[in-house]
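**Student:** Here is my input, please return the structure:
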Amino acid sequence: MITAGQMRAARALLGLDQRALAERSGLSLPTIQRMEASDGLIRGNVDSLMKLTGALTSAGVELLDDNAPSRGGGRGVRLTNPSS
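**Tutor:** Residues are numbered from 1 along each chain as shown. Predicted coordinates:
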């Protein structure tokens, strides 16, 4: 699961605009825009969510769930070793 906030933060960490993320993920620009405009958790079909998270992960972003080890707890993102 990924939130719209995580998506925007991940994109910012990677220095990608919405169009670049759409190209990397194989999703349309309107789909990326709709996902980012969501409130809270992004809802969508499983294939689209897998493409999105796969593109972010392969670009070097780790998505942190609510219970992931981190200083402040809660959801977030952090850079790993990018393979862009």
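**Student:** Assess the claim that residue 27 and residue 48 are in contact.
**Tutor:** Yes: using CB atoms under 8 Å, residue 27 makes contact with residue 48 at a distance of 5.9 Å. C-betas here are computed from N, CA, C, even on glycine.
**Student:** Could you check how far residue 17 is from residue 43?
**Tutor:** As judged by CB to CB, to the nearest Å, residue 17 and residue 43 stand 23 Å apart.
**Student:** Could you verify that residue 77 is part of a helix?
**Tutor:** No: counting by DSSP: H, G, I helix; E, B strand; the rest coil, residue 77 is not found in a helix; it is strand.
**Student:** who's in contact with it?
**Tutor:** Residue 77 is in contact with 6, 9-10, 13, 61-64, counting by CB atoms under 8 Å, 6 or more residues apart in numbering.
**Student:** Could you pick out the longest helix of this structure?
**Tutor:** In the chain, assigned by DSSP state H, the helix with the most residues is helix 46-59.
**Student:** Just give the closest residue to residue 1, not the sequence neighbours.
**Tutor:** Spatial nearest neighbour of residue 1, chain neighbours left out: residue 41 (5.5 Å); criterion: CB to CB, 6 or more residues apart in numbering.
**Student:** Over to the one you found: give its phi and psi.
**Tutor:** phi -60, psi 140 (degrees, to the nearest 10).
**Student:** The residue nearest the centre of the chain in helix, strand or coil?
**Tutor:** The C-alpha lying nearest the average C-alpha coordinate of the chain belongs to residue 7 (CA atoms, centre = their mean; 3.5 Å). Taken by three-state DSSP, the conformation at residue 7 corresponds to helix.
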